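> missing the sequence, but the structure's below:
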């Protein structure tokens, strides 16, 4: 029973994230299907163009919902940076889905609403797995992650981890500042061991 409780504690947070992410994804998928079918079946727009336009609209909704609901507990590193990364990773997800739709329509010669939607479902499923993994890794960073410079998008250095400036006469042992021995005044081995145990 303790093992089950331990596993539940470890994975409950991930399960909640997946449930919210899945709910947002389901709504975004509905937006993609409705708009994509309206353009492709209703207006005669090509299958790839229809899916592309629908995906851009659904992606914008998905970002807002994931930022302010699914991953609201994670660090905020700037809406501009997050949206650009989110959009870029969704571009990869879109390419994955487009490959399935294009293969079905142009390689297998399967045209019509049934085949379009079937390939859309399969492609979206594969793309969703990629999106969940990539969002957590690059877009919605954990609270323990280093701060990100909004201008460059790169992690900022941790000042606590930086070495002491040259000329200060100090260095660190096990994270504690230790005065450097002066030239001509050797630090004996016992004193060095004492510093290491601090």
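Ah, there it is. Not measured: the values here are computed from a predicted model. Numbers count the residues shown, from 1 in each chain.

> now the strands for the protein?
Remark: strands of the chain, listed N- to C-terminal, are 170-173, 176-179; assignment by DSSP state E.

> okay, now the domains of this structure?
The chain breaks down by automatic domain parsing into domains covering 2-139, 163-197.

> what comes up buried for stretch 109-118?
When burial is assessed from 16 or more other C-beta atoms under 10 Å, stretch 109-118 yields the following buried residues: 115-117. All C-beta atoms are positioned from the backbone trio N, CA, C, and that covers glycine.

> quick check: mean pLDDT across that stretch?
The average pLDDT within stretch 109-118 is 89.

> again, but for stretch 72-92
When pLDDT is averaged along stretch 72-92, the result is 79.

> for it, which positions count as buried?
Neighbour-count burial for stretch 72-92, with 16+ other C-beta under 10 Å as criterion, is recorded at 74, 77, 81-83, 85-86, 89-90.

> related to what we said a few turns ago, return the most buried member of the domains of the chain.
A comparison of the domains of the chain by mean neighbour count, using mean count of other C-beta atoms under 10 Å, puts domain 2-139 on top with a mean of 16.

> gap between the two ends of that domain?
Between the opening and closing residues of domain 2-139 we find a distance of 34 Å, counting by C-alpha to C-alpha, to the nearest Å.

> Show me where the protein has its helices.
With DSSP state H, the ranges of helices along the chain come out as 2-37, 47-65, 79-102, 113-134, 189-197.

> and the nearest residue to residue 92 once chain neighbours are set aside, what is it in contact with?
Counting by C-beta to C-beta, 6 or more residues apart in numbering, the nearest residue to residue 92 once its immediate chain neighbours are dropped is residue 130, at 6.6 Å. When contacts are counted by C-beta atoms under 8 Å, 6 or more residues apart in numbering, residue 130 touches 89, 92-93, 96.

> Just the pLDDT at residue 130, thanks.
If you check residue 130, the pLDDT there is 90.
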